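Engineer: got a structure for you, letters missing:
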């Protein structure tokens, strides 16, 4: 772009009688550029701007209320339901001009990422309208720090067995595992100690070793060590839950899986516009590949057999194989909780 000072110099030299060829040679410009500048009297041309996007104020207020004030979700609903494509910055400017929102908060500091180095896991409580009831659920989310892939599910309760089941589902979905899983000082995986001095539960150490990673607790009150995970929960709150309806817990988890593993993997992340699905293709070479048929976690439960040859597990009845009717039996519950395998003891 030719600066205003150079344009003024071209016009002044032309007024002094200097030829266009000499002006172009001295100022290192093309003769066509010199002709255009002289025709414009040395002034800067008016900027060519796209037409201003006009958004209905009542529509914005309605969407702002439906999406609980989250602008990113509003841009999606404008594009998908109203056929209006608008940039995030443009939408937030309209919201500020209308007095709907205030100034945006300052960004936090970012740190460089290394491919294949770590994943981050945490849980967070959410109150979600499922059908006609508001349920208090635990959201469990796994986050690959470098490629920014996510895996999200919701649970009515979350214990150590659920943690193993969730990690198995997520890692088998990806087919790869990094070297470290950064967690907070939760007793689901930590036995004693805090931060760098934390000692993991032997059961969880053995479980993690089977997938090629180890748990790492961050320092107490230092949740920014897994800032990508914390920011992902904010994205769940601002982008996944608003503007969606869920008929059941199964429907909620089905939509959460599609949102985290399909929609978010094609959505540009950050200023660099990183696409998680494309970044994962590069990160794949630094990750540990998992075998296809890795055994799923299971849990042994002692149950008594009734007079009909069945045992009860979480309100479901399973038939015990064989003809014996002893009272000591155990059953293995699969990761999906869809069936139980009865084994005589």
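Structural biologist: Right, received. Where do you want to start? Fair warning: this is a prediction, and the values are worked out from it, not measured in the lab.
Engineer: got the contact list for the residue lying closest to residue 238 once chain neighbours are set aside?
Structural biologist: Excluding the flanking residues, the one nearest residue 238 by CB to CB, 6 or more residues apart in numbering is residue 70, at 3.6 Å. From N, CA and C alone the C-beta is placed, and that goes for glycine too. Taking CB atoms under 8 Å, 6 or more residues apart in numbering, we find residue 70 in contact with 237-239, 242.
Engineer: Then residue 275?
Structural biologist: 265-269.
Engineer: Distance check, it against residue 250.
Structural biologist: 29 Å (CB to CB, to the nearest Å).
Engineer: One more: residue 63?
Structural biologist: Taking CB to CB, one finds residue 63 at 28 Å from residue 250.
Engineer: Tell me which of these two has more neighbours.
Structural biologist: residue 63 (25 against 10; other CB atoms under 10 Å).
Engineer: show me the contacts for the more buried one.
Structural biologist: With CB under 8 Å, 6+ apart, residue 63 has these contacts: 74, 77-78.
Engineer: again, 6 Å this time
Structural biologist: Applying CB atoms under 6 Å, 6 or more residues apart in numbering to residue 63 gives the contacts 74, 77.
Engineer: Doesn't it lie inside a strand?
Structural biologist: No - read with DSSP: H, G, I helix; E, B strand; the rest coil, residue 63 is helix and lies in no strand.
Engineer: Looking at it now. What's its pLDDT?
Structural biologist: With respect to pLDDT, residue 63 scores 91.
Engineer: And residue 49, by the same measure?
Structural biologist: For residue 49, the predicted pLDDT is 64.
Engineer: can you count the residues close to the residue nearest to residue 225 when sequence neighbours are not counted?
Structural biologist: Nearest non-adjacent residue to residue 225, counting by CB to CB, 6+ apart: residue 218, 3.6 Å away. Residue 218 has 19 neighbours, counted by other CB under 10 Å.
Engineer: Help me confirm that residue 218 comes into contact with residue 224.
Structural biologist: No - the pair residue 218 / residue 224 is not scored as a contact, 8.6 Å apart, by CB atoms under 6 Å.
Engineer: ranges for the helices of the protein?
Structural biologist: 4-15, 20-27, 31-39, 57-66, 71-81, 88-97, 160-174, 202-211, 227-235, 249-258, 276-283 (DSSP state H).
Engineer: which of these is buried the deepest?
Structural biologist: helix 160-174 (a mean of 20; mean count of other CB atoms under 10 Å).
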